[in-house]
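Colleague: prediction below, plus the sequence it came from.
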Amino acid sequence: MTYDTNRKMNPPLRTLADREAILMGLADGTIDVIASDHAPHVSEDKDVEFDAAAFGVVGLETSLAVVMTYLIEKEILLPSELVEK
């Protein structure tokens, strides 16, 4: 049997409204740090029933690409602002 616990994380994924509020907070300076809770696990910790699976996802290797695509290219942040955060 296989389980899909790859999206089990804490805090959980949020709504579109929450994500838009984060973008606004980054743009207006309310949020001053961009960080990742990169928490990969071995398959034995994730390939179990959902309640028993460890919290955590990989993300560090995609963080810069996501920020470039969703913040810089959409002109939410300038490259210099990204460096500051």
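Modeller: Now that the structure is in, tell me what you want to look at.

Colleague: can you show me the helices along this structure?
Modeller: Ranges of helices within the chain are 16-28, 43-46, 60-67, 79-84, based on DSSP state H.

Colleague: tell me which residues of the third one come out buried.
Modeller: Across helix 60-67, burial judged by 16 or more other C-beta atoms under 10 Å covers residue 67. No exception for glycine: its C-beta is placed from N, CA and C like everyone else's.

Colleague: where does this structure have low pLDDT?
Modeller: Applying pLDDT under 70 to the chain picks out residues 1.

Colleague: out of the helices of the chain, flag the one nearest residue 4.
Modeller: Residue 4 lies closest to helix 43-46 among the helices of the chain, at 9.3 Å (C-beta to C-beta).

Colleague: buried sites along the closest one?
Modeller: For helix 43-46, a neighbour-count test (16+ other C-beta under 10 Å) marks residue 46 as buried.

Colleague: with respect to residue 36, which of the helices of the chain lies nearest?
Modeller: Among those, helix 60-67 comes nearest to residue 36, with 5.1 Å by C-beta to C-beta.

Colleague: any chance you could list what contacts that closest one?
Modeller: Outside helix 60-67, the residues that touch it by C-beta atoms under 8 Å, 6 or more residues apart in numbering are 34, 36, 38, 77, 82.

Colleague: who wins on neighbours among these?
Modeller: residue 77 (20 neighbours; other C-beta atoms under 10 Å).

Colleague: just list the residues touching residue 70, thanks.
Modeller: Residue 70 makes contact with 23, 76, according to C-beta under 8 Å, 6+ apart.

Colleague: gap between it and residue 34?
Modeller: Counting by C-beta to C-beta, to the nearest Å, the gap from residue 70 to residue 34 is 11 Å.
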